[in-house]
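Visitor: Predicted model follows, preceded by the sequence.
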Amino acid sequence: MAREAVDLKIMRCLCANDIAFNCLRSPQWHEMVQAISQAPKGYKSPSFEKARTSLLDECYRNVEKELAPVKDTWYIHGVSVVSDGWSNCKQNQLINVIATNCR
């Protein structure tokens, strides 16, 4: 498939699923594209069920491991919990809850 055709498939997916174009700047996006380009021939994306269960659980565990060193400093330096409420362009109410400290 030609590069332009692939680009259009990506754009169609982004637009159809209301995914912000800013996603294309994400390092995780580039990691994903690189991984797909190196996947075995005939690779199929994970199913909805696998994504919402075992893969989500694995991602959660990985994030917890990455955050462990930061969380360990909370007992020494303290932590503040901050929240912010807002509405998206579809007027859905959203709340961000963030833990922050000096690290």
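Guide: That came in fine, so what should we check first?

Visitor: How many residues are close by Ser54?
Guide: Ser54 is surrounded by 11 other residues when neighbours are defined as other C-beta atoms under 10 Å. C-beta coordinates here come from the backbone N, C-alpha and C atoms, glycine included.

Visitor: Look up how far Arg61 lies from it.
Guide: Taking C-beta to C-beta, to the nearest Å as the measure, Ser54 falls 11 Å from Arg61.

Visitor: roughly how far apart are the residue of the chain positioned farthest from its centre and Gly42?
Guide: Relative to the centre of the chain, the most outlying C-alpha is that of Ile76, 29.5 Å out, by C-alpha atoms, centre = their mean. Between Ile76 and Gly42 the computed distance is 51 Å (C-beta to C-beta).

Visitor: next one: Ser54
Guide: From Ser54 over to Gly42 (counting by C-beta to C-beta), the distance is 21 Å.

Visitor: how about the helices in this structure?
Guide: 3-16, 27-37, 48-50, 56-72, 74-77 (DSSP state H).

Visitor: closest to Cys102 out of the ones you listed?
Guide: Cys102 lies closest to helix 74-77 among those, at 5.1 Å (C-beta to C-beta).

Visitor: follow-up on the earlier one: any chance of the helices of the chain in a markdown table, with distance to Trp86 and mean pLDDT too?
Guide: Compiled in a markdown table, the helices of the chain are given as follows (distance: least, C-beta to C-beta, whole Å; pLDDT from 0 to 100):
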| stretch | distance to Trp86 | mean pLDDT |
| --- | --- | --- |
| helix 3-16 | 22 | 97 |
| helix 27-37 | 23 | 97 |
| helix 48-50 | 28 | 98 |
| helix 56-72 | 23 | 95 |
| helix 74-77 | 26 | 90 |
